[in-house]
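J.: sequence-free structure coming up:
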């Protein structure tokens, strides 16, 4: 039996790729609510409707995204693109997936500065700020339910909370995560033993990730250029965050509000609330921070700040998913790798809890803010009200009253 000729196969593949990218765009415009909701929608479209991959393949890729630092849902959908069409399709998938959310959050950052320049009140966002704290509390609670399984993980989470609350420096974040991972790695003997094969590692993407990391840090120190330093700041955070956008929040707050004062607390909370109402990855929050960090450089400077911040936050996870994807089947069989994830996740939960406490503390004297936080928590836990509906309602109430 003769095989179809290559010229016939190529157009079929291209058509399949175009359909896949159209599905990615639909997801980018309609997915709200973070990695858990994103995974459900990816399953519905990629597995049930299109059958690009199987359910087990999707869950494997999602697990890989959870193992690596970076945005979990972004890494998952990028890995699906890699599996279907290789690295070129994966990069296009990444761009289409992040573009709507990044564009909206860039516009939000520029709009926030415009209102401030025109001396226009941004008081209509006053309910969004306590809502953002409510979202963070619920996120930490839900993450904790999944990852705190024993006394060790509970102790790690509490210790991480205390350390992050007392030492509010971006330097402490990677230390807390590293200590958490090393602590549970020592308990690897409790993990199920699996047959192992020698690792065959292709190092190109790892060296690319490391080279950019070192070059950005060196250039930032030498030039003191704000765009370069922004890229380095976000690249470093994107290389160290495990657990998605909720865990990224305390890292960004410590770096850009508490430590460097690029944003005010109110600006940060307003953006954190708004990103809940935006489709796509929560990491698009970086675009908002980047635009406001370069607010004094004019419109072009704000666009540039958003661009370098967006590139910085998304590139590490992309380089690392490309690197690890090729030998993931062998790597996950090592007990020490699986064991270390328990400590990383527990420490990340503690970081989220500390961020919620730090952001809530100044609101305590203002009872309306406390009420909004509690109502938001209640609605998120006991109803199916989507976050974007709460945010839009909060903006409406703020405008009316």
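T.: Done, it's in. Being a predicted model, the structure only gives us computed values, none of them experimental.
J.: Next one: the closest residue to residue 283 other than its chain neighbours from residue 388, what distance?
T.: Distances taken as C-beta to C-beta, 6 or more residues apart in numbering put residue 71 closest to residue 283, at 4.4 Å, once the chain neighbours are dropped. The C-beta positions use only the backbone N, C-alpha and C, and glycine is treated the same way. To residue 388, residue 71 is 18 Å away according to C-beta to C-beta, to the nearest Å.
J.: Comparing those two, which residue is more hemmed in?
T.: Neighbours per residue, other C-beta atoms under 10 Å: of residue 71 and residue 388, the larger number sits with residue 71, 31 against 15.
J.: My read is that that one contacts residue 285, right?
T.: No: checked against C-beta atoms under 8 Å, the pair residue 71 and residue 285 is beyond contact range at 10.5 Å.
J.: quick revisit: for the residue nearest to residue 283, phi and psi?
T.: phi -80, psi 120 (degrees, to the nearest 10).
J.: Would you mind measuring from it to residue 299?
T.: Residue 71 sits 27 Å away from residue 299, taking C-beta to C-beta as the criterion.
J.: Likewise for residue 108?
T.: Following C-beta to C-beta, the distance that separates residue 108 from residue 299 is 14 Å.
J.: Tell me which of the two has more neighbours.
T.: For residue 108 versus residue 299, the count of surrounding residues by other C-beta under 10 Å is larger for residue 108: 22 against 12.
J.: The more buried one in helix, strand or coil?
T.: Under DSSP: H, G, I helix; E, B strand; the rest coil, the three-state class of residue 108 is helix.
J.: That one: what's it in contact with?
T.: 271, 274, 288 (C-beta atoms under 8 Å, 6 or more residues apart in numbering).
J.: Please apply the same query to residue 31.
T.: 37-38, 41, 73, 279-280.
J.: Any chance of JSON lines for the residues you listed, columns secondary structure and neighbour count?
T.: Output for the contacts of residue 31, formatted as JSON lines (DSSP: H, G, I helix; E, B strand; the rest coil; neighbours: other C-beta atoms under 10 Å):
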{"residue": "37", "secondary structure": "helix", "neighbour count": "14"}
{"residue": "38", "secondary structure": "helix", "neighbour count": "26"}
{"residue": "41", "secondary structure": "helix", "neighbour count": "16"}
{"residue": "73", "secondary structure": "helix", "neighbour count": "26"}
{"residue": "279", "secondary structure": "coil", "neighbour count": "18"}
{"residue": "280", "secondary structure": "coil", "neighbour count": "28"}
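J.: The residue nearest to residue 344 when sequence neighbours are not counted: which element?
T.: In this structure, residue 344 finds its nearest non-sequential neighbour in residue 181, 4.4 Å apart by C-beta to C-beta, 6+ apart. Here residue 181, judged by DSSP states H and E, is contained in helix 172-185.
J.: Now that helix: buried residues?
T.: Across helix 172-185, burial judged by 16 or more other C-beta atoms under 10 Å covers 172-174, 176-177, 179-181, 183-185.
J.: Could you do stretch 151-169 as well?
T.: Neighbour counts over stretch 151-169 (16+ other C-beta under 10 Å) mark 152-153, 156-157, 159-161, 163-165, 168 as buried.
J.: Touching, the residue nearest to residue 344 and residue 348? I think so.
T.: No: the criterion here is C-beta under 8 Å, and residue 181 misses it with residue 348 at 10.0 Å.
J.: per-domain residue ranges of the chain.
T.: 6-92, 93-400 (automatic domain parsing).
J.: any idea which of those domains scores lowest on pLDDT?
T.: Of all the domains of the chain, mean pLDDT reaches its minimum on domain 6-92 (a mean of 80).
J.: Give me the phi and psi angles of residue 281.
T.: Dihedral angles (degrees, to the nearest 10) for residue 281: phi -70, psi 140.
J.: For residue 39, see how far away it is.
T.: 13 Å.
J.: Looking only at neighbour counts, state which of those two leads.
T.: Neighbours were counted for residue 281 and for residue 39 using other C-beta under 10 Å; residue 281 has more, 31 against 20.
J.: Correct me if wrong: the more buried one contacts residue 70.
T.: No: counting by C-beta under 8 Å, residue 281 does not reach residue 70; the two are 9.9 Å apart.
J.: How far does the helix holding residue 181 sit from its chain's centre?
T.: Here the centre of helix 172-185 is set off from its chain's centre by 19 Å, with C-alpha atoms, centre = their mean, to the nearest Å.
J.: Give me the helices and strands touching it, please.
T.: On a contact count with 3 or more C-beta pairs under 8 Å, 6 or more residues apart in numbering; DSSP states H and E, helix 172-185 meets helix 151-166, helix 226-240, helix 335-360.
J.: Just send those back as a markdown table, with distance to residue 250 too.
T.: Below are the helices and strands packed on helix 172-185 laid out as a markdown table (distance: least, C-beta to C-beta, whole Å):
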| stretch | distance to residue 250 |
| --- | --- |
| helix 151-166 | 6 |
| helix 226-240 | 10 |
| helix 335-360 | 3 |
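J.: Out of those helices, flag the one nearest residue 45.
T.: helix 226-240 (26.1 Å; C-beta to C-beta).
J.: Show me what the closest one is in contact with.
T.: With C-beta under 8 Å, 6+ apart, helix 226-240 has contacts from 69-70, 170, 173-174, 177, 209, 212-213, 216-217, 219-220, 248, 251-252, 255-256, 283, 286, 290, 293-294, 297, 304-305, 308-317, 320.
J.: taking those one by one, which sit in strands?
T.: Using DSSP state E, the subset of the contacts of helix 226-240 located in strands is empty.
J.: Any of those residues buried? List them.
T.: Of those, these count as buried by 16+ other C-beta under 10 Å: 69-70, 170, 173-174, 177, 209, 212-213, 216-217, 220, 248, 251-252, 255-256, 283, 286, 290, 293-294, 304-305, 308-317, 320.
J.: Tell me, how many residues neighbour residue 192?
T.: 7.
J.: Phi and psi next, for it.
T.: The phi/psi pair for residue 192 (degrees, to the nearest 10) is phi -70, psi 130.
J.: ok, it - contacts?
T.: Residues near residue 192 by C-beta under 8 Å, 6+ apart: residue 335.
J.: Give me the number of neighbouring residues for residue 83.
T.: Counted with other C-beta under 10 Å, residue 83 comes out at 17.
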